[in-house]
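# fold the following and give me the result.
(one chain, ligands or ions: 1)
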Amino acid sequence: MARPIYLDYNGTTPHAPEVIAAMRPFLEHEFGNPSSSHWYGIAPKQAVEKARQQVARLLNCAADEIVFTSGGTESNNHAIKGMAAALRDRGNHIITCSIEHPAVLEVCRALEADGVATTCLPVDHDGLVDPADVEKAIRPETILISIMHSNNEVGTMQPVAEISALARSRGIAIHTDAAQSVGKVAVDVRALGVDLLSVAGHKLYAPKGVGALYIRKSVQPAKFCHGAGQERGWRAGTENVLEIVGLGMACEIAGENLESNISHMQGLRDRLHQGLVDDLGDTCALNGHPEKRLPNTLSLGFKGLAATRILEEIGLDVAASPGAACHSDTVEISHVLQAMGIDRQWAMGTLRFSVGRMTTAEEIDRARAVVTAAVRKLGG
Ligand SMILES: Cc1ncc(COP(=O)(O)O)c(C=O)c1O
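Residues are numbered from 1 along each chain as shown. Next up is the predicted model:
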């Protein structure tokens, strides 16, 4: 049986062939521990350091500003909890926004139990944070601003450089969760002016369970994991060599082909969008900013329909994500769509289609036909 067309690249990505090839020796025979001083430790140690350089090159930082982690969630935890702990004597207030991933929002919630205050800023109808709101929220005790680079559900990209300029002028550290952006758009930590930035490997064709945290040299969050001192003491534990090698290669190829990948993804995303608008007219509406948006992300609300019902109809042919979840007799709309103030009759029928490097025009045209037929069948 043919597999459904994969339009959930924001959920996760397949492994790039180059990533598989780079990892293979470390699966097959380079099993050594990078900390070993004997022969078997040499190749793994060199491979980890090469990967560090590959990640650093993509983000435009020094290799020793990169710490490998288990993924986006850990990177966010390290950045936020680490700064809260390290700056405890200076203040206890963090600013974030209402459409962050749970890997930021839940960290803030956990810190609140420890006496850290958080301000969760609103977003506008397109999902944008207003830098003026950030400025107003700053207090003498603010120690960290954490605003995502791009949103996973609707793709809206935040004015991070503007917000970080504000943070710097007040001497406040700034973190951005770039899990969805790295590999899809240019992410340059110097141009952004951020102190900490999170990367998730499985969003850019590397395996699940590996990521990175950029920590600017001048910033000192508390250590994440205590032990034998790997990762220069930031994160103890024997390195996940296999996947770190995969992440390094994923970053290298992302950097080489960034512009052509952007135009490929944007072309296909817009082809799907236009096709569905042509077929369904004002039964469907875009969520997220029309321009300031990841080039691969299309969040569409289908008026009056339930997202889970559409997914049931299309599930054998197309893999996409819902913006609302059905429980026995209620529909729970995602916190992102709620925060953006998307009308319930659109929000409950929202699907996220996210294309990737491997997506083809033929797949997009088939997906369009399948979605159009399902929406019409359900009365949309
Ligand atoms: C914006 C954002 N941040 C963080 C994460 C978590 O990353 P990971 O799955 O690597 O823990 C995700 C994953 O969906 C994400 O989209």
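# the ligand contacts on the stretch 51-200 of the chain?
Counting by Cβ under 6 Å from any ligand atom, the residues of the stretch 51-200 of the chain close to the ligand are 71-73, 101, 103, 148, 152, 177, 179-180, 200. To be clear about C-beta, it is placed using only N, CA and C from the backbone, and glycine gets the same treatment.
# restricted to buried residues, select these in PyMOL.
Here is the PyMOL command that picks out the buried ones among these, judged by 16 or more other Cβ atoms under 10 Å:
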select buried, resi 71+72+73+101+103+148+152+177+179+180+200
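# take the residues of the stretch 51-200 of the chain next to the ligand and keep only those in helices.
72-73, 103 (DSSP state H).
# okay if I get those residues as TSV plus pLDDT?
What follows is those, written out as TSV (pLDDT from 0 to 100):
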residue	pLDDT
G72	98
T73	98
A103	97
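# residue in the stretch 201-350 of the chain nearest to the ligand?
The ligand sits closest to G211 of the stretch 201-350 of the chain, with a gap of 5.2 Å, by Cβ to the nearest ligand atom.
# phi and psi next, for that residue.
Backbone dihedrals for G211, given as degrees, to the nearest 10, come out at phi -160, psi -170.
# cool, C225 as well?
Torsion angles, degrees, to the nearest 10, at C225: phi -140, psi 120.
# neighbours of the closest residue in space to L7 that isn't next to it in sequence, how many?
Distance criterion Cβ to Cβ, 6 or more residues apart in numbering; nearest residue to L7, sequence neighbours excluded, is F353 at 4.5 Å. For F353, the neighbour count with other Cβ atoms under 10 Å is 28.
# over to S37?
9.
# tell me how far it lies from G233.
S37 sits 19 Å away from G233, going by Cβ to Cβ, to the nearest Å.
# ok, S98 - contacts?
Listed by Cβ atoms under 8 Å, 6 or more residues apart in numbering, the contact set of S98 reads 120-123, 335, 339.
# apply 6 Å and report the result again.
120, 122, 339 (Cβ atoms under 6 Å, 6 or more residues apart in numbering).
# ok, and the closest non-adjacent residue to it?
Nearest to S98 is A339, by Cβ to Cβ, 6+ apart, at 3.9 Å.
# and the helix or strand containing D279, what does it pack onto?
Using DSSP states H and E, D279 falls within helix 258-280. Secondary structure elements in contact with helix 258-280, counted by 3 or more Cβ pairs under 6 Å, 6 or more residues apart in numbering; DSSP states H and E, are helix 361-377.
# which helices and strands sit right next to the helix it packs on?
The contact analysis (3+ Cβ pairs under 6 Å, 6+ apart) places helix 361-377 against helix 258-280, helix 307-314.
# what residues does the lowest-mean-pLDDT helix or strand in the chain touch?
Every helix and strand in the chain was compared by mean pLDDT, DSSP states H and E; the lowest is strand 324-326, with a mean of 72. If you take Cβ under 6 Å, 6+ apart as the criterion, strand 324-326 is touched by 306-308, 331-333, 348.
# picking that back up, what are the buried residues along the helix holding D279?
Neighbour counts over helix 258-280 (16+ other Cβ under 10 Å) mark 261-262, 264-266, 268-269, 271-273, 275-276, 279-280 as buried.
# what does stretch 300-313 give?
Buried, per 16+ other Cβ under 10 Å, within stretch 300-313: 300-303, 305-311, 313.
# any chance of these in JSON lines, with pLDDT and distance to G380 too?
Shown next, in JSON lines, are the buried residues of stretch 300-313 (pLDDT from 0 to 100; distance: Cβ to Cβ, whole Å):
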{"residue": "L300", "pLDDT": "98", "distance to G380": "11"}
{"residue": "G301", "pLDDT": "97", "distance to G380": "10"}
{"residue": "F302", "pLDDT": "97", "distance to G380": "5"}
{"residue": "K303", "pLDDT": "96", "distance to G380": "6"}
{"residue": "L305", "pLDDT": "96", "distance to G380": "5"}
{"residue": "A306", "pLDDT": "94", "distance to G380": "11"}
{"residue": "A307", "pLDDT": "95", "distance to G380": "12"}
{"residue": "T308", "pLDDT": "93", "distance to G380": "14"}
{"residue": "R309", "pLDDT": "95", "distance to G380": "10"}
{"residue": "I310", "pLDDT": "96", "distance to G380": "8"}
{"residue": "L311", "pLDDT": "96", "distance to G380": "14"}
{"residue": "E313", "pLDDT": "97", "distance to G380": "11"}
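# also near the ligand: which of those residues, exactly?
Among the buried residues of stretch 300-313, no residue sits close to the ligand (Cβ under 6 Å from any ligand atom).
# closest to H15 out of these?
L311 (25.0 Å; Cβ to Cβ).
# that closest one: what's it in contact with?
Contacts for L311 were tallied using Cβ under 6 Å, 6+ apart; they are P322.
# three-state assignment of the residue nearest to H264 when sequence neighbours are not counted?
The shortest distance from H264 to any non-neighbouring residue, by Cβ to Cβ, 6+ apart, is to R357 (6.7 Å). Taking DSSP: H, G, I helix; E, B strand; the rest coil as the rule, one finds R357 in the coil state.
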